[in-house]
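Student: Okay, here's the prediction I keep looking at, along with the sequence it came from:
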Amino acid sequence: MTNTDFKKYTVLLGCVFLTGFFGNFALLAQQTVMLKDLSAFKPNKGTWQMASEVSGDPDQANFLKATQGEAILVNLPTKKNTGQDLVSIEEFGDIDLELEVMVASQSNSGVYLMGQYEIQILDSWTKKTPKPGDMGGVYERWDESKPDGQKGYEGYAPRQNVARAPGIWQQLRVSFQAPRFNAQGEKIENAKFLSIRLNGVLIHENLEMNGPTRGSLMPNDIAKGPLRIQGDHGAVAFRNIKITRFDTQAPTLTDLKYMTYKGFFNQEPDFSKLEVATVGIITNIQDPIPTPTGQNLTRYMGNLNIPENGEYVIQMLVSSGMGQLKIDGKKVIEMKEEFQRANVTLPKGTVPVEILVSKTKDWSDTGLELYVSGPGLREIALSKSVTRQMWSTDPILVDQQDVPMLRSFMDLPDGKRITHALSVSSTQQVHYSYDLSKGNLMQVWRGSFLDATPMWNDRGNGASVPLGAVVFIGNPDKNIQGIEFQSNNQNFDSQGYQTKNGGVEFSYDLQGISFKDFIISRADGKGLDRTLSPTGGTANKQYAIAEGAEIKLIKDGLYWVADKGFYIQVDPKSANKPVVQSSGGKQQLLVSINSQIQYAILF
């Protein structure tokens, strides 16, 4: 495997983060807890209840509609009972947290890790510049003794606002490390948010918490604490709450000694026949050791201390060479490529270990990287090279003021590639991509515009990547989302596009019908306005303005495409009202095309 195979970029707001050679492999023997219902939390006299379905109205403040049932925790406070927080019975330290949350319009909640460190849950729809108190922000700490205006401090705003509309499910994923304490109970390491992702976008990374945020259960840091959900500020719903614990002590390497040998080695030699160049004892496998010049082999021997039985993932990278790993006399990794990975079942206790590092290139220093993960254990480095040259590429980000529109390839999550995509930006930070080959509005997003690094770096692959949280609108297998026009590309004839009145108008002909498709970002920042003007043989033809697994009528003129996460809004007084119809296991929102079609996409 070459160095290029290990490159992986996470691009966000002008920074490129090299996420590591080993990625984030699926954990083995996950220690997970699902908080499925109210029985997982301490009893309270609040306004929480269980529901099977929940929906909201983006125009109605603090309102959620719930159907009694299971699977969803919903808080519906009233004037008489403003509600109480949910506090989990079980306590946690290091965890990964995943959940989905639905916020009512103008509502407010929060998720406290260990009951101490709050991630804000707030209706932050359309805000251009988020603050620590907005959706996904890490709430500020508080000191009542400070002067007014300075009591709040050390809050962290999300890098960009990727919050969705109220009444739409949003995904939150958090990796959290609890504070560390010594045997005397003194804090020796702060708590840390390793990462926070909102709707798939990295909004925080490696945030160190000097202490609890405002409203914490305890005034000082603690070793373990409950998951706490704020329930006294407004209507909110949660589902699919999943906690993965990481409370296993990390394996360690001890009693290490080394021997080095001069020469080229591409397999394990007979050491009894070799002359030792240098020998010694080290306390850490990363400690520098004297090695022969040129090609050489280093042999480490010691003990691997394993805290728990289980199946572990071991990953080994020897830059500019090859490596081999033996545990308890058995080859776990053979001397082959630079990078290798193995699953191995290890018993609790101490076992002998042998590590071979062969430097096969004269011109480069050799670095050893050895990582392990397992049951209740995050991926940790037993050895992390200080000699390997980590490198990355400066991101090539598209400034929407300089390049408001960009033609490129666009890759979809299912692996399909749109080869004739036009991405269009707006000052409202609402952007979209349009498939010019099919007359199809494909995706929308809010936040920053585009990362063109894949397109323009080195030889490039022609693709750009949205920087915000993408909502997929269209179906890439259809021409223009219309049931009358499926899979008939040979009859589609694009007539180009032009900017017009602050938006873009796309023109195309299809089966004797001419379309003018005008799309413009809404001034209120809530989404897009779209006007379709068909002429020609439109009689008895319909057009699907939305398609999804489930389309719900929220109120007259407002439809929620629940599985995709957006609303369709039409004039409730329009004579051309949409009709929901099932087709091929999905639902479509159909309108007649014998007159102009106008609607908004809100997300």
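Tutor: Received the coordinates, thanks.

Student: all strands for the stretch 151-300 of the chain, in order.
Tutor: 152-153, 170-177, 180-181, 187-189, 191-198, 201-209, 225-229, 236-245, 252-262, 278-282, 296-306 (DSSP state E, counting those that start in this stretch).

Student: Parallel or antiparallel, which strands does the second one pair with?
Tutor: Using DSSP bridges, strand 170-177 pairs in its sheet with strand 95-103 (antiparallel), strand 191-198 (antiparallel).

Student: could you redo those strands as CSV and give each row distance to residue 315 and mean neighbour count?
Tutor: To be clear about C-beta, it is placed using only N, CA and C from the backbone, and glycine gets the same treatment. As requested, the strands paired with strand 170-177 are arranged in CSV below (distance: least, CB to CB, whole Å; neighbours: other CB atoms under 10 Å):
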stretch, distance to residue 315, mean neighbour count
strand 95-103, 19, 21
strand 191-198, 19, 21
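
Student: so which of the ones you listed comes closest to residue 210?
Tutor: strand 191-198 (8.8 Å; CB to CB).

Student: thinking again about what came up before, in CSV: the strands paired with strand 170-177, plus distance to residue 184.
Tutor: Below are those laid out as CSV (distance: least, CB to CB, whole Å):
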stretch, distance to residue 184
strand 95-103, 25
strand 191-198, 19
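
Student: who wins for proximity to residue 114 among those strands?
Tutor: That would be, of those and by CB to CB, strand 191-198, which comes in at 7.5 Å.

Student: With just CA atoms, put the closest one into CSV.
Tutor: Provided in CSV are the C-alpha atoms of strand 191-198 (Å, rounded to 0.1, in the frame of the first residue of the first chain):
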residue,chain,number,x,y,z
ALA,A,191,-12.7,16.6,29.8
LYS,A,192,-12.6,16.8,26.0
PHE,A,193,-15.1,16.8,23.1
LEU,A,194,-13.0,14.8,20.6
SER,A,195,-15.5,15.6,17.9
ILE,A,196,-19.1,16.8,17.4
ARG,A,197,-20.9,16.2,14.2
LEU,A,198,-24.3,17.8,13.4
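
Student: tell me the helices in the stretch 451-600 of the chain, going along the chain?
Tutor: Per DSSP state H, counting those that start in this stretch, the stretch 451-600 of the chain carries helices over the ranges 453-456.

Student: can you list the weak-confidence ranges in it?
Tutor: 475-490 (pLDDT under 70).

Student: what do you get for the chain?
Tutor: Looking at the chain by pLDDT under 70, you get 1-30, 386-392, 475-490.

Student: can you list the domains in it?
Tutor: 32-245, 249-383, 397-602 (automatic domain parsing).

Student: hmm, back to that, of all the strands paired with strand 170-177, which one is nearest residue 442?
Tutor: Closest to residue 442 of those is strand 191-198 (CB to CB; 21.9 Å).

Student: For stretch 577-592, what is the distance to the chain centroid?
Tutor: Counting by CA atoms, centre = their mean, to the nearest Å, stretch 577-592 is centred 31 Å from the centre of its parent chain.

Student: now stretch 285-300
Tutor: 40 Å.

Student: Show me what counts as buried in it.
Tutor: 285-286, 291, 295-300 (16 or more other CB atoms under 10 Å).

Student: Could you give the separation between the terminal residues of that stretch?
Tutor: The straight-line separation of the ends of stretch 285-300 (CA to CA, to the nearest Å) is 8 Å.

Student: For it, give me every contacting residue.
Tutor: 253, 256-265, 269, 271, 277-278, 280, 282, 302, 353-362, 366, 368, 370, 382-384, 386 (CB atoms under 8 Å, 6 or more residues apart in numbering).

Student: Against residue 426, how distant is residue 285?
Tutor: 53 Å (CB to CB, to the nearest Å).

Student: Likewise for residue 471?
Tutor: Separation of residue 471 from residue 426 (CB to CB): 15 Å.

Student: what does residue 401 give?
Tutor: Distance, residue 401 to residue 426, using CB to CB: 11 Å.

Student: These two: which has the busier surroundings?
Tutor: In this view residue 401 and residue 426 are compared by other CB atoms under 10 Å, and residue 426 has more residues nearby, 20 against 9.

Student: sorry, back to before: save the buried residues of stretch 285-300 as a markdown table, and put in distance to residue 339 too.
Tutor: A markdown table is the format used below for the buried residues of stretch 285-300 (distance: CB to CB, whole Å):
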| residue | distance to residue 339 |
| --- | --- |
| 285 | 18 |
| 286 | 18 |
| 291 | 21 |
| 295 | 20 |
| 296 | 20 |
| 297 | 18 |
| 298 | 18 |
| 299 | 20 |
| 300 | 18 |
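
Student: Neighbours of the residue nearest to residue 398 when sequence neighbours are not counted, how many?
Tutor: Spatial nearest neighbour of residue 398, excluding adjacent residues (CB to CB, 6 or more residues apart in numbering): residue 450 at 4.0 Å. By other CB under 10 Å, the residues close to residue 450 number 26.

Student: Residue 450 touches residue 421, doesn't it?
Tutor: No. Contact between residue 450 and residue 421 fails when scored by CB atoms under 8 Å: they sit 10.6 Å apart.

Student: joint contacts of these two?
Tutor: residue 408.

Student: quick revisit: tell me the one of the buried residues of stretch 285-300 nearest residue 438?
Tutor: Distances from residue 438 to the buried residues of stretch 285-300, taken by CB to CB, are shortest for residue 286, at 54.6 Å.

Student: Nearest residue to the middle of this protein?
Tutor: By CA atoms, centre = their mean, the mean C-alpha position of the chain lies nearest to residue 200, the distance being 3.1 Å.

Student: tell me the contacts of that residue?
Tutor: By CB under 8 Å, 6+ apart, residue 200 lies in contact with 171, 469-470.

Student: now, among those residues, which is nearest to residue 116?
Tutor: residue 171 (22.9 Å).

Student: quick one: residue 200 and residue 98, what's the gap?
Tutor: Taken as CB to CB, the span from residue 200 to residue 98 is 12 Å.

Student: again, but for residue 360
Tutor: Distance, residue 360 to residue 98, by CB to CB: 43 Å.

Student: can you check residue 117 too?
Tutor: In terms of CB to CB, residue 117 sits 17 Å off from residue 98.

Student: do the same with residue 406
Tutor: 33 Å.

Student: burial of residue 183, as a residue count?
Tutor: Residue 183 has 5 neighbours, counted by other CB under 10 Å.

Student: hang on, the earlier thing: can you list the strands of the stretch 151-300 of the chain in CSV and add distance to residue 568?
Tutor: As requested, the strands of the stretch 151-300 of the chain are arranged in CSV below (distance: least, CB to CB, whole Å):
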stretch, distance to residue 568
strand 152-153, 40
strand 170-177, 19
strand 180-181, 50
strand 187-189, 49
strand 191-198, 24
strand 201-209, 24
strand 225-229, 31
strand 236-245, 22
strand 252-262, 57
strand 278-282, 65
strand 296-306, 56
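
Student: Would you tell me which one of those strands is buried the most?
Tutor: strand 225-229 (a mean of 24; mean count of other CB atoms under 10 Å).

Student: And the strands of the stretch 151-300 of the chain: which comes nearest residue 457?
Tutor: Judging the strands of the stretch 151-300 of the chain by CB to CB, what sits closest to residue 457 is strand 201-209, at 19.7 Å.
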